[in-house]
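S.K.: no FASTA, just this:
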Ligand code: 13P
Ligand code: ZN
Ligand code: NA
């Protein structure tokens with residue numbers, strides 16, 4: 001069965017490593033990530049955006065994740081990523097997701113707290129974990145876009161108030177990462193992270209982690225990040241491998257043959273991230 005990621009993330013926070021949360025889109029990418037986690041003996045979080053839920057269906061995603069969990073023998077959570085829509089959250093909880101993110105980062109402070117609390121109430125009864133966001137992370141993930149001028153970093157004192165007022169299980173923070181591919185190297189505000197981590201004992205979540213140099217990732221984990229979201233790096237690997245295979249084998253029409261190299265490439269990238277995060281051997 002799928003696990004509520006609460007304990008898994010708490011253990012990561014206490015022991016100084018991070019759990020990889022990988023955005024998946026279909027059977028091939030889901031299984032690629034799970035194979036990587038099995039090989040590393042690591043707990044793992046599979047996550048789907050609202051766009052992916054619409055594309056694949058919440059019921060299919062849950063069925064695939066459960067089947068993977070039965071085979072894998074490691075803790076696997078299925079998480080809804082960045083939902084601004086309470087109906088979408090209710091639908092995913094109903095379908096069997098073990099974790100959800102309410103992203104109220106575009107809302108005024110009071111509204112963010114009010115709706116996040118509502119999600120926490122909804123999720124609690126069903127044993128589902130809740131992540132929320134304070135501050136505003138830049139870049140673009142599907143229909144969610146935050147322009148550079150609208151980015152703002154998480155305030156440490158506000159983070160304390162927010163966590164207490166909402167009762168969430170983990171907190172996504174804005175410290176300079178952005179969704180998607182970076183133009184140049186991202187500059188992260190490590191001091192801000194340290195001061196948030198000193199005040200907030202919940203697992204802290206790093207979004208937009210694709211394209212962040214390994215040393216910066218390691219530093220973030222040392223400072224208290226315990227869930228790391230990776231989407232773009234897997235998407236790039238998948239698309240590149242697929243393109244290569246199809247271009248170099250123009251006659252190939254067997255989905256298993258052209259999807260397998262892509263699946264393997266995604267697995268390799270996920271495995272390298274899991275090891276970088278220090279999660280190997282923690283399952
Ligand atoms: P990247 O696409 O930059 O990896 O960001 C992923 C993410 O934060 C998913 O919520
Ligand atoms: Zn994100
Ligand atoms: Na990124």
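M.R.: Here it is on my side, so go on. Here the structure is a predicted model, which means the values were calculated and not measured. Ligands and ions are numbered 1, 2, ... in the order given.
S.K.: Taking the protein, what residue is nearest to ligand 2?
M.R.: Nearest residue of the chain to ligand 2: residue 207, at 3.3 Å (C-beta to the ion). The way it works is simple: take the backbone N, C-alpha and C, and place the C-beta from them, glycine included.
S.K.: What distance do you get for that residue to residue 148?
M.R.: Distance, residue 207 to residue 148, using C-beta to C-beta, to the nearest Å: 16 Å.
S.K.: So between these two, which is more surrounded?
M.R.: residue 207 (29 against 8; other C-beta atoms under 10 Å).
S.K.: Can you give me every residue that contacts that one?
M.R.: 133, 137, 172, 177, 179, 229 (C-beta atoms under 8 Å, 6 or more residues apart in numbering).
S.K.: Which residue ranges of this protein form strands?
M.R.: Along the chain, counting by DSSP state E, strands occupy 19-23, 44-48, 76-83, 99-102, 129-134, 138-141, 144-146, 170-173, 178-179, 204-206, 225-230.
S.K.: how about the residue nearest to residue 52 when sequence neighbours are not counted, what does it touch?
M.R.: With C-beta to C-beta, 6 or more residues apart in numbering as the criterion, residue 52 has its nearest non-adjacent residue at 5.4 Å, and that residue is residue 25. Going by C-beta under 8 Å, 6+ apart, residue 25 touches 48, 52, 55, 56.
S.K.: And residue 253, by the same measure?
M.R.: By C-beta under 8 Å, 6+ apart, residue 253 has no neighbours at all.
S.K.: Against ligand 3, how distant is it?
M.R.: Using C-beta to the ion, to the nearest Å, one gets 34 Å for the distance from residue 253 to ligand 3.
S.K.: on that earlier part again, quick one: which of the contacts of residue 25 has the most company?
M.R.: residue 48 (25 neighbours).
S.K.: Report pLDDT for the closest residue to residue 150 other than its chain neighbours.
M.R.: Once flanking residues are discounted, residue 150 sits nearest to residue 136: 6.0 Å by C-beta to C-beta, 6+ apart. Note on residue 136: pLDDT of 94.
S.K.: now residue 259
M.R.: Note on residue 259: pLDDT of 98.
S.K.: now the helices for the stretch 151-283 of the chain?
M.R.: For the stretch 151-283 of the chain, the helices defined by DSSP state H, counting those that start in this stretch occupy 156-166, 190-199, 214-222, 232-248, 255-276.
S.K.: of these, which approaches ligand 1 most closely?
M.R.: Each of the helices of the stretch 151-283 of the chain has some distance to ligand 1 by C-beta to the nearest ligand atom; the shortest is helix 232-248, at 3.4 Å.
S.K.: what about that closest one and ligand 1, any contact?
M.R.: Yes - judged by C-beta under 6 Å from any ligand atom, helix 232-248 comes into contact with ligand 1 through 232, 233.
S.K.: you'd agree residue 56 is up against residue 46?
M.R.: No - using C-beta atoms under 8 Å, residue 56 makes no contact with residue 46, being 11.6 Å away.
S.K.: Please identify the residues of the chain in proximity to ligand 2?
M.R.: Within reach of ligand 2 by C-beta under 5 Å from the ion, the chain has these residues: 207, 229.
S.K.: in the chain, what spans have low per-residue confidence?
M.R.: For the chain, applying pLDDT under 70 flags no range at all.
S.K.: Dihedrals phi and psi, the residue of it most remote from its centre?
M.R.: In the chain, residue 251 marks the outermost C-alpha relative to the chain mean, sitting 36.6 Å out by C-alpha atoms, centre = their mean. For residue 251, the backbone dihedrals (degrees, to the nearest 10) come out as phi -90, psi -10.
S.K.: And it, how close does it get to ligand 1?
M.R.: 34 Å (C-beta to the nearest ligand atom, to the nearest Å).
S.K.: if I look at that residue, how far off is residue 265?
M.R.: 21 Å.
S.K.: does ligand 3 sit close to stretch 22-34?
M.R.: No - judged by C-beta under 5 Å from the ion, stretch 22-34 makes no contact with ligand 3; its nearest approach is 11.4 Å.
S.K.: Tell me the buried residues in that stretch?
M.R.: Using 16 or more other C-beta atoms under 10 Å as the test for burial, stretch 22-34 gives 22-34.
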